[in-house]
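**Q** Generate coordinates for the sequence data below:
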Amino acid sequence: MYSSAAAGLILVVGLVTFFTGHWSSVPFYTKSTADYPAHPITLVVPYAAGGGTDITARALVEASQPYLSQPITVVNRTGGGGSIGLMEGANAQADGYTVTYLVAELTTLPHMGLLPITYEQFKPIIQTNYDPSAITVRADAPWQTADEFLSYARTHPGEVKMGNAGTGSIWHLAAASLEQATHVTFTHIPYEGAGPAVSALMSGFVNAVPVSPAEVKTYVDQGKLRVLAINGSERSQALPNVPTLQEATGYAVNFSGTWRGLAVPKDTPDEIVQILADAFTRGAEQQEFRQTMADHGLGLLIRDRDGFRQQLQQSHDLYARLIPELGLSRK
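**A** As a prediction, the model looks like this:
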């Protein structure tokens, strides 16, 4: 004979088994999709507070908040050149409550053996930003045009010192792409970020940098630096009077620049992704957000889910080829 306690235990186990089996055939997100969002959302930013990525993320959250019924909390997860935050975002539960602000390093670090995931672990929501490379020299440099600069580099191989934000960084790759396309040779000088590279240019330790318009605009406005060309398909909103490289020289360089955009884990239901896309798209349309981007010299580029996915794949494929060619892969 079973005791009453044992019988009760058997009944509970049976009921749990029944309901577990019953609900296992129902998608886990059925109810959560209907109620979404039912509690606050976390936005993972893979860089430190105060930087361009963080500033953009917080401005977008503030502008988008009125279009969601729950608050959005920005959390900075730094380390590994962005890899810590990207990993956390990719491995989060696919329920729409963890959104990640993707950065261009998601498509470079995997090919360098520094990130065990790719963009395929995410489902894109919206792209909000794109910044091309701005080929920049001191205002007192002897080169007035990009043609003059490249002609000198071509006839004096290795003499031009090109500062960058670190070996393998997006701006190192920008300079390497420029070399390949224009048949010149630079001496690459790495620094711990774009800011120190620009400081080195200001001090005369390097001859040029290939960083974003946002990172040199203040000094250009002060007359201390000169941007020779924008390495992108269009002119920069921050520096509209500067020609593209193709306009200035005829060279079209296949470099995808740096960009930012929102995504969720790949298995997140499309219904939830669309709710987020609608809210953040409306936020990106607000004047306050656009003004913040303009004030910081950041390029505003809004692409929907499909457009952002194309950007991710384009960048991934480009660096899959370029990084091994440069001998930067640690795989």
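**Q** And the helices in the stretch 51-200 of the chain?
**A** Counting by DSSP state H, counting those that start in this stretch, the stretch 51-200 of the chain has these helices, from start to end: 52-64, 83-91, 146-155, 170-182, 194-203.
**Q** Just send those helices back as JSON lines, with mean pLDDT, mean neighbour count and distance to Ser133 too.
**A** From N, CA and C alone the C-beta is placed, and that goes for glycine too. Compiled in JSON lines, the helices of the stretch 51-200 of the chain are given as follows (pLDDT from 0 to 100; neighbours: other C-beta atoms under 10 Å; distance: least, C-beta to C-beta, whole Å):
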{"stretch": "helix 52-64", "mean pLDDT": "92", "mean neighbour count": "21", "distance to Ser133": "15"}
{"stretch": "helix 83-91", "mean pLDDT": "95", "mean neighbour count": "21", "distance to Ser133": "22"}
{"stretch": "helix 146-155", "mean pLDDT": "97", "mean neighbour count": "18", "distance to Ser133": "12"}
{"stretch": "helix 170-182", "mean pLDDT": "90", "mean neighbour count": "22", "distance to Ser133": "4"}
{"stretch": "helix 194-203", "mean pLDDT": "91", "mean neighbour count": "19", "distance to Ser133": "11"}
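**Q** Switch the ones you listed over to a markdown table; also include distance to Ile272.
**A** Output for those, formatted as a markdown table (distance: least, C-beta to C-beta, whole Å):
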| stretch | distance to Ile272 |
| --- | --- |
| helix 52-64 | 15 |
| helix 83-91 | 15 |
| helix 146-155 | 46 |
| helix 170-182 | 30 |
| helix 194-203 | 35 |
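**Q** who wins for proximity to Gly232 among those helices?
**A** For those, proximity to Gly232 was assessed by C-beta to C-beta; helix 170-182 is nearest, at 10.1 Å.
**Q** Now do the closest one against helix 194-203, angle only.
**A** Here the directions of helix 170-182 and helix 194-203 differ by 60 degrees (axes from the mean of the first three to the mean of the last three C-alpha atoms, to 10 degrees).
**Q** In terms of secondary structure, what does helix 170-182 contact?
**A** strand 133-138, helix 146-155, strand 161-164, strand 187-190, strand 225-231, helix 305-325 (3 or more C-beta pairs under 8 Å, 6 or more residues apart in numbering; DSSP states H and E).
**Q** my read: Tyr165 touches Ala200, true?
**A** Not quite, residue 165 is Ala, not Tyr. No - using C-beta atoms under 8 Å, Ala165 is not in contact with Ala200; the gap is 11.0 Å.
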